[in-house]
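Undergrad: Need a 3D model of the sequence below.
(2 chains)
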There are 2 protein chains.
Amino acid sequence: MKPYCELTRAELENLREILKKEYEDVKGKGLSLNMARGKPSSEQLDLVMDMFDVFDSGSDLITESGVDVRNYGELTGIREAKCLIAELMEVDPDNVFVFGNASLPIMYDTVSRSVNFGVNKGTPWNRLEKVKFLCPVPGYDRHFAITEQFGIEMINIPLNEDGPDMDLVKKYVENDDTVKGIWCVPKYSNPTGITYSDETVRAFAALKPKAPDFRIFWDNAYAVHDLYEDRKDVLLNIIEECRKNGNEDMVYQFVSTSKITFAGAGIAAVITSKANLEWIKSTMTIQTIGYDKINQLRHVRYFKNAEGIRNKMKEHAKIMAPKFDAVLDCFDRELSDLGIGTYTRPNGGYFISFTAMKGCAKKIIEKCREAGMVTTGAGATFPYKKDPDDSNIRIAPSYPTLKEMKEAAALFALCVKLVSVEKLLEAE
Amino acid sequence: MKPYCELTRAELENLREILKKEYEDVKGKGLSLNMARGKPSSEQLDLVMDMFDVFDSGSDLITESGVDVRNYGELTGIREAKCLIAELMEVDPDNVFVFGNASLPIMYDTVSRSVNFGVNKGTPWNRLEKVKFLCPVPGYDRHFAITEQFGIEMINIPLNEDGPDMDLVKKYVENDDTVKGIWCVPKYSNPTGITYSDETVRAFAALKPKAPDFRIFWDNAYAVHDLYEDRKDVLLNIIEECRKNGNEDMVYQFVSTSKITFAGAGIAAVITSKANLEWIKSTMTIQTIGYDKINQLRHVRYFKNAEGIRNKMKEHAKIMAPKFDAVLDCFDRELSDLGIGTYTRPNGGYFISFTAMKGCAKKIIEKCREAGMVTTGAGATFPYKKDPDDSNIRIAPSYPTLKEMKEAAALFALCVKLVSVEKLLEAE
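TA: Below you'll find the model as predicted:
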């Protein structure tokens, strides 16, 4: 098939009629597909059902150091859970706090704490005229929602194949003391699936922020979420790199098992310097007596060690990879030659990012919706939900079954073609 | 024994020597007792170990409405959990949100939300010159810590046998629009153990606050925590009373199972008007994707209904009541005639409140500590940890064993006597 831009008006008009008919046929099927969120499938959740066999009424719920996890205490998490996370992330357990059921609330609380009480005894951000965050785009909508809610100004930073545009990041961070943070999903980025290069990580670690309370919010949500045994991205250890630069206070790393065990019923952790942890502890002691330590111990007893987690991820990959392949195969077959969109081909994570022709994303999403398929909302991957090109669409292949995913990919490709033809006809 | 105030100086001096010797003997025992916090005992936690048998690897984790609790979703809690709490608290399930592992973080978030984003679209409290909370005293230290952290000015309100001084509450709430809240533990109050009378609850419900964003923080932590079958306090339903007065937005009621199932691994809920719930939902959707629904469903399947919870509380009472009795028997025997302190005799809850002679609380606590017994810190039951009389001490009988509790009560009584004698000698 020729690229659409090389088609004559007559050819385009003819094509539009064919595509319209095809679309009406699909619409008639009454599909109900959901690719909106990065939700694990039931099949994935079934992988860890034996977690419920870890404890029974006769279990011993005392930690190695003698803590009864059924009672109050251990604000910063039980030691075993810190060690499990530390081993997995290749950090010192003393740099780890383990909290509740998911990492989003930890990130939220970290921003909220900075706004209300400052960073390590610094001026609370709510007393400052202006506070800004850098936002590599496209990015994760829930990050942007947090900073928006607190009235923090967000600045778009282009996200390239190897990470954010570090020249721009450096320029902002080192010259503007109102820039207090940057949101990063450094591995299998949400939504493009890229992983920051070693050079990018080193450039982050070497930043000399103008603001002493500037922090990198390193949301390593997909740290162990490889899709393929034979091609895995490797991310440099930011904690280690920052330490080398004497910059250990500059980064908060967040991880969770929400997409390893149960979504919203896992355990989550923050990894950072001891000075940062001390400050976090001093303020969070007012907020809670402690998180659910029973679930922390359940995770430790279930996985035993980092190897246990990595093995489980291989089982996840066996379910996830065919869905990603189904989408990519369909796009390769249906779209690759047409010059009407590009898409990423990630080695891990939960998303494929599609970049349509300018001004087409909203229309494609609307067409999908009309035919029974829900995708992430247009603009969601940008701060203030404003995609300046109206072209990025996040595709989440995890939740539907493989069969549904194939139908969904076909429908999506069809909508891309139809909207693109209409766009080209309009433009003439 | 005569009241100490009737003793001559010589008698007091003689008594001091006897008590000193007794104290040195006890100190020699090297006791290690902890009555500091309202922690359940291991024996109580053992009562619910069969919760771990509720789920196994073959369990069905789908709710009645078809929600898979292992996955994301249901921000405001699963329906079954709302119904369980609603039945227990005699409210409509539509007035209930069920959240995470404990109620303290919900209260914290409720204050934090009001400070940062306002109450039901009102002005955020952090934009106001001054915000005040009323604090019935003695009260719960963790409440006061929250309002202190957010810079909210706290005003002491005397807590009587039937609840806070409602004339004073009314005067403040109805005339001062900087008064935005009041902390209440209305049943088996922390620490005095009193329950608000019907008249008090009705007076609360009938308040006409000057500030439209004034809220009652009704921490019903001990709603079902009776100690004795034959004498139970009954608290009027504040939600119902507020509704009668067209005041349904004025109260947030908080409850949790932290002292019913596992401390810090239970489920917690807020009960309030639909308008308030809508606002809470609209802001918390940024903070979290949702709480641990697996634990919500575990609680529902375990208890089945409110009766299941009430039956479990009878088992708790069998463990708790003898400890309370041990303290009270000891105090009756050792202190009741001496005129050197008064104490409460609650029908439920987790605490006994002791009121020493003015200026003696710190010294008693210090003497206890020196002999190996930790109690709640002096002043803890007052805002800013300032007990104006230095006389109130909170006693938490739940955690030690019965044997330890007897030792602890004896030691405490001894310290009260010794410090009081010294005080009387000083005063002469």
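Undergrad: Assess the claim that A:Phe354 and A:Ile395 are in contact.
TA: Yes. Using C-beta atoms under 8 Å, A:Phe354 makes contact with A:Ile395 at a distance of 5.8 Å. (C-beta placed from N, C-alpha, C; glycine too.)
Undergrad: who touches both of the two?
TA: Both A:Phe354 and A:Ile395 are contacted by A:343, A:412, under the criterion C-beta atoms under 8 Å, 6 or more residues apart in numbering or on different chains.
Undergrad: Just the C-alpha atoms of stretch A:289-300, please, in CSV.
TA: This file holds the C-alpha atoms of stretch A:289-300, laid out as CSV (Å, rounded to 0.1, in the frame of the first residue of the first chain):
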residue,chain,number,x,y,z
ILE,A,289,0.7,5.0,63.1
GLY,A,290,1.9,2.7,60.3
TYR,A,291,0.9,0.8,57.2
ASP,A,292,-0.3,-2.8,56.8
LYS,A,293,2.6,-4.9,57.9
ILE,A,294,0.8,-8.1,57.6
ASN,A,295,0.7,-7.6,53.8
GLN,A,296,4.4,-6.7,53.9
LEU,A,297,5.3,-9.9,55.7
ARG,A,298,3.0,-11.8,53.4
HIS,A,299,4.9,-10.5,50.4
VAL,A,300,8.3,-11.4,52.0
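Undergrad: any residues touching that stretch, and which ones?
TA: Stretch A:289-300 has contacts (C-beta under 8 Å, 6+ apart) with A:51, A:54-55, A:61, A:63, A:67, A:69-70, A:72-75, A:77-78, A:80-81, A:84, A:98-101, A:257, A:261, A:265-267, B:100-102, B:104, B:142, B:262-265, B:292, B:295.
Undergrad: if you look at those, which of them are in helices?
TA: Where the contacts of stretch A:289-300 overlap with helices, as defined by DSSP state H, the overlap consists of A:80-81, A:84, B:104, B:142, B:295.
Undergrad: chain center to stretch A:108-118: distance?
TA: 21 Å (C-alpha atoms, centre = their mean, to the nearest Å).
Undergrad: Same question for stretch A:6-26.
TA: On the basis of C-alpha atoms, centre = their mean, stretch A:6-26 is displaced by 36 Å from the centre of the chain it belongs to.
Undergrad: pLDDT (mean, whole number) over it?
TA: The predicted model gives stretch A:6-26 an average pLDDT of 97.
Undergrad: Can you select the buried ones among the contacts of stretch A:289-300 for me in ChimeraX?
TA: Selecting just the buried residues from the contacts of stretch A:289-300 in ChimeraX takes one command, with 16 or more other C-beta atoms under 10 Å in any protein chain shown as the test:
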select /A:51,54,55,61,63,67,69,70,72,74,75,77,78,80,81,84,98,99,100,101,257,261,265,266,267 /B:100,101,102,104,142,262,263,264,265,292,295
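Undergrad: Can you tell me which of the contacts of stretch A:289-300 end up in strands?
TA: Using DSSP state E, the subset of the contacts of stretch A:289-300 located in strands is A:Val98.
Undergrad: Angles on the backbone of the residue of the stretch 301-428 of chain A found nearest chain B, please.
TA: Chain B sits closest to A:Tyr399 of the stretch 301-428 of chain A, with a gap of 8.4 Å, by C-beta to the nearest C-beta. For A:Tyr399, the backbone dihedrals (degrees, to the nearest 10) come out as phi -80, psi -40.
Undergrad: does it really touch A:Lys39, like I thought?
TA: Yes. At 4.4 Å, A:Tyr399 and A:Lys39 qualify as touching, with contact defined as C-beta under 8 Å.
Undergrad: In space, what's closest to A:Asn156 - neighbours in sequence excluded?
TA: Nearest residue to A:Asn156 in three dimensions, chain neighbours excluded: A:Val137, at 4.7 Å (C-beta to C-beta, 6 or more residues apart in numbering or on different chains).
Undergrad: ah, wrong one, I meant A:Thr381
TA: Here the nearest residue to A:Thr381 in space, its sequence neighbours aside, is A:Pro138; by C-beta to C-beta, 6+ apart that works out to 3.5 Å.
Undergrad: burial measure for that neighbour, as a count.
TA: Using other C-beta atoms under 10 Å in any protein chain shown as the criterion, A:Pro138 is surrounded by 25 other residues.
Undergrad: secondary structure class for A:Gln253?
TA: A:Gln253 falls in the strand class when you classify it by DSSP: H, G, I helix; E, B strand; the rest coil.
Undergrad: now for the longest helix along chain A, which elements pack on it?
TA: When chain A is scanned for its longest helix (criterion: DSSP H), the result is helix A:306-334. Helices and strands in packing contact with helix A:306-334 are listed as helix A:42-46, helix A:79-89, helix A:293-303, strand A:352-356, helix A:402-427; criterion 3 or more C-beta pairs under 8 Å, 6 or more residues apart in numbering or on different chains; DSSP states H and E.
Undergrad: How about the residues of the stretch 1-150 of chain A by chain B?
TA: A:37, A:39-40, A:42, A:45, A:49-53, A:55-59, A:68-73, A:100-102, A:104-105, A:108, A:112, A:115-117, A:126, A:142, A:145-146, A:149-150 (C-beta under 8 Å from any C-beta of the partner chain).
Undergrad: Just the buried ones from the residues you listed, in PyMOL syntax?
TA: Here is the PyMOL command that picks out the buried ones among these, judged by 16+ other C-beta under 10 Å:
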select buried, chain A and resi 37+39+40+45+49+51+52+55+68+69+70+71+72+100+101+102+104+105+108+112+115+116+117+126+142+145+146+149+150
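Undergrad: residues contacting the closest residue to A:Tyr196 other than its chain neighbours?
TA: Counting by C-beta to C-beta, 6+ apart, A:Gly163 is the residue found nearest to A:Tyr196 once chain neighbours are left out, at 3.6 Å. For A:Gly163, the contacting residues are A:136, A:186, A:194-197, A:200-201, by C-beta under 8 Å, 6+ apart.
Undergrad: Next step: the residues you listed restricted to helices.
TA: Among the contacts of A:Gly163, the members that lie in helices (by DSSP H) are A:200-201.
Undergrad: And A:Asp292, how far from A:Thr261?
TA: Look at A:Asp292 and A:Thr261: by C-beta to C-beta, to the nearest Å, they are 13 Å apart.
Undergrad: Which strand residues bridge A:Met154?
TA: In this structure, A:Met154 bridges to A:Phe133 when assessed by DSSP bridges.
Undergrad: Repeat that for the one 4 residues further on.
TA: According to DSSP bridges, A:Val137 are recorded as the beta-bridge partners of A:Pro158.
Undergrad: hang on, isn't it packed against A:Pro164?
TA: Yes. Counting by C-beta under 8 Å, A:Pro158 does reach A:Pro164; the two are 7.2 Å apart.
Undergrad: residues shared between the contacts of those two?
TA: A shared contact of A:Pro158 and A:Pro164, defined by C-beta under 8 Å, 6+ apart, is any residue touching both; here these are A:Pro136.
Undergrad: And for A:His140, nearest residue in space, chain neighbours not counted?
TA: If you look again at residue A:140, you'll see it is Tyr, not His. Excluding the flanking residues, the one nearest A:Tyr140 by C-beta to C-beta, 6+ apart is A:Asn190, at 4.4 Å.
Undergrad: Report how many residues lie close to that neighbour.
TA: When neighbours are counted by other C-beta under 10 Å, A:Asn190 registers 23.
Undergrad: same deal with A:Ser65?
TA: 9.
Undergrad: Which secondary structure state does it sit in?
TA: Reducing the assignment to helix, strand or coil with three-state DSSP, the entry for A:Ser65 is coil.
Undergrad: Look at A:Asn126 and tell me its secondary structure.
TA: The assignment at A:Asn126 comes out as helix when based on three-state DSSP.
Undergrad: dump the residue contacts of it.
TA: Contact criterion C-beta under 8 Å, 6+ apart gives A:115-116, B:116, B:126 as the residues in contact with A:Asn126.
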